[in-house]
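Student: need a 3D model of the sequence below.
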Amino acid sequence: MSEAEVPAEAGPAGRADFSTGRLEAFSDGVFAIAITLLVLDLGFPEPDSLHGVSLAGALARQWPSYFAYLVSFLVIGIIWINHHAMFALADRVDRRTLFANLFLLLTVSVIPYPTRMLAAYLTNAGRDGHTAAAVYAAAMVAMGAAFSLLFLSFTRDARVLRTPVSAKDLRAARRRFGFGGLIYLLAFGLAFVSPVAMLVTQGLLAVYYCFDQLAPARRTG
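Tutor: Take a look at the predicted model:
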């Protein structure tokens with residue numbers, strides 16, 4: 001019987017647990033599609049639209065698209081890395097974790113939409129630029145909340161983890177995610193001040209999450 005065909009098993013206190021294999025495979029597919037959609041939104045000037053401007057100059061004017069793409073690519077890529085790192089801690093999960101994971105995938109799959117919008121309005125000095133930035137920042141707030149919810153659901157029962165994790169280490173890992181969540185909220189407010197500064201903040205947050213925020217949860221209790 002393949003891993004994909006492994007049925008649910010009775011977990012602690014009779015709870016039904018499920019193999020993480022199918023969950024990770026499905027999640028990887030969503031991550032891959034979302035990250036591919038980002039690059040499909042990158043275009044280039046057609047020859048008849050240059051109107052005396054060189055191709056190099058026209059491409060340079062599209063820097064908002066490249067900037068938004070890069071930040072969103074980093075965001076989705078880092079989510080994928082941390083998602084993989086988290087599920088490496090256990091072999092089985094319950095239905096609550098499956099639904100929490102589905103919520104995270106909902107927020108990830110929508111990222112290309114506000115990315116495209118922000119790229120178009122990033123340098124707009126008026127209200128529309130702030131609106132596009134706010135939509136992008138709101139999507140990131142939702143994504144951060146979804147990942148935190150998934151982490152809480154995943155770690156609430158240490159018996160499903162391969163290695164016992166102390167309450168102290170779990171609290172430390174949760175504080176790390178909590179700090180990032182606070183910055184996501186601050187970035188949302190920054191969207192109404194400077195769309196570019198908001199996007200820079202999102203990029204710095206992606207760099208922050210490049211570091212192993214789950215390190216405390218990996219230590220043996």
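
Student: quick one, helices of this structure?
Tutor: Assigned by DSSP state H, the chain shows helices spanning 20-40, 55-60, 63-87, 95-109, 112-121, 127-155, 167-190, 195-208, 215-218.

Student: worst mean pLDDT among those?
Tutor: Among the helices of the chain, helix 215-218 has the lowest mean pLDDT, at a mean of 56.

Student: if we can go back for a sec, let's have the helices of the chain in JSON lines, adding distance to residue 46 and mean neighbour count.
Tutor: Every C-beta, even on glycine, is put in place using the N, C-alpha and C of the backbone. Shown next, in JSON lines, are the helices of the chain (distance: least, Cβ to Cβ, whole Å; neighbours: other Cβ atoms under 10 Å):
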{"stretch": "helix 20-40", "distance to residue 46": "17", "mean neighbour count": "16"}
{"stretch": "helix 55-60", "distance to residue 46": "10", "mean neighbour count": "12"}
{"stretch": "helix 63-87", "distance to residue 46": "15", "mean neighbour count": "19"}
{"stretch": "helix 95-109", "distance to residue 46": "30", "mean neighbour count": "18"}
{"stretch": "helix 112-121", "distance to residue 46": "17", "mean neighbour count": "21"}
{"stretch": "helix 127-155", "distance to residue 46": "24", "mean neighbour count": "20"}
{"stretch": "helix 167-190", "distance to residue 46": "35", "mean neighbour count": "16"}
{"stretch": "helix 195-208", "distance to residue 46": "27", "mean neighbour count": "19"}
{"stretch": "helix 215-218", "distance to residue 46": "49", "mean neighbour count": "18"}
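
Student: among these, which is nearest residue 47?
Tutor: helix 55-60 (8.3 Å; Cβ to Cβ).

Student: packing partners for that closest one?
Tutor: Judged by 3 or more Cβ pairs under 8 Å, 6 or more residues apart in numbering; DSSP states H and E, helix 55-60 has no packing partners among the helices and strands.

Student: how far out from the middle of the chain is it?
Tutor: The chain centroid and the centroid of helix 55-60 are separated by 31 Å under Cα atoms, centre = their mean, to the nearest Å.

Student: how about stretch 72-86?
Tutor: Here stretch 72-86 is found 6 Å from its chain centre; the criterion is Cα atoms, centre = their mean.
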